Every structure is written in C-alpha cells, then in structure tokens.
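Undergrad: Mind folding the following:
(one chain, ligands or ions: 1)
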Amino acid sequence: TTLRNVWYYEGRNGWWMYDQRTNDEIDHLFRRGDRRAEILIVGHLYVIDFENMTQYRLNDTQRRRRIKYDLMSAPKKGVAGLKLD
Ligand code: V3L
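TA: Numbers count the residues shown, from 1 in each chain. All right, here's what the predicted structure looks like:
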C-alpha cells in the first residue's frame, strides 16, 4: 500500500526511490541494526551510512547523497534514475 515506507536517495532537485531489490536489502540491514552497510548498486560498491543517513561510493567518497526512509507516496523523481511521468 502507499502507507508503506521505502528508502530514497537524493537527486539534484528531489528524491529517487531505490530499486526494489536494493530497497529490500537496505531494509533488511537497517532492521538488523547495522550502522553502516556496503551494498552493490549498478556495479559499484556503495556505503549506506545509517547514522548520517547518507550513501556514497566506497572508492570515491566525493559524492555523498542524503538518504531518507519515507512514505512510498512521497514526492519523487522516479525509481533508480527512471523518471516518472
Ligand atoms: N541507485 C541507482 N543509481 C544510483 C544510486 C542508487 N542508489 N546512487 C547513485 N546512482 P554518485 P538527478 C543518479 C547513480 O552518487 O538528475 C540518479 O539515479 C547516479 O544516478 O556520484 O541529479 C539519476 O540517474 C549517478 O548517475 O556515486 O536527480 C542521476 O543521478 C551515478 O550513480 C541524475 O539524477 C553516480 O552517482
């Protein structure tokens, strides 16, 4: 349902939903109580930092994006780079 919460990462002027597989993986790691996780996203290892609520590439920490856990119905740009229209 739309009352469900899902994970988002920051884009230029809005938020992107993670793809479902990555969302489920982040959910699992967060519920397990991990403070920090490493997950594979489009072929690159990313750190999900639950304490600072950010994500960044493990070998290129320049781009640090905020992440959030919010309603599935929250305003968004799309899913994992695929724009909604
Ligand atoms: N899921 C999918 N692709 C990602 C993710 C992720 N969690 N994190 C980064 N990328 P960086 P606007 C994003 C992509 O942070 O117009 C969006 O999905 C990231 O894609 O330096 O700025 C859009 O496709 C970027 O292409 O590691 O809102 C695109 O940016 C690349 O990995 C433009 O979005 C490097 O990101």
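Undergrad: In the host helix or strand of L40, which residues are buried?
TA: When elements are assigned from DSSP states H and E, L40 belongs to strand 36-41. Taking 16 or more other C-beta atoms under 10 Å as the neighbour-count basis, strand 36-41 is seen to contain the buried residues A37, I39, I41. Glycine gets a C-beta too; all of them are placed from N, C-alpha and C.
Undergrad: May I have the worst-scoring helix or strand of the chain on mean pLDDT as PDB, with CA atoms only?
TA: One helix or strand of the chain scores below all others by mean pLDDT, DSSP states H and E: strand 60-71, with a mean of 92. Coordinates of each C-alpha in strand 60-71 appear next as PDB, following Å, rounded to 0.1, in the frame of the first residue of the first chain:
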ATOM      1  CA  ASP A  60      35.000   7.700  -4.400                       C
ATOM      2  CA  THR A  61      33.600   9.400  -1.400                       C
ATOM      3  CA  GLN A  62      33.300  12.800  -3.000                       C
ATOM      4  CA  ARG A  63      29.600  12.500  -3.900                       C
ATOM      5  CA  ARG A  64      27.700  12.000  -0.600                       C
ATOM      6  CA  ARG A  65      24.000  11.800  -1.100                       C
ATOM      7  CA  ARG A  66      21.500  12.100   1.600                       C
ATOM      8  CA  ILE A  67      19.100   9.200   2.000                       C
ATOM      9  CA  LYS A  68      15.700   9.000   3.800                       C
ATOM     10  CA  TYR A  69      13.000   6.500   4.800                       C
ATOM     11  CA  ASP A  70       9.700   7.900   3.800                       C
ATOM     12  CA  LEU A  71       6.200   7.100   2.600                       C
END
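Undergrad: Run the chain-centre distance for that strand.
TA: Relative to its chain's centre, strand 60-71 lies at 7 Å (C-alpha atoms, centre = their mean, to the nearest Å).
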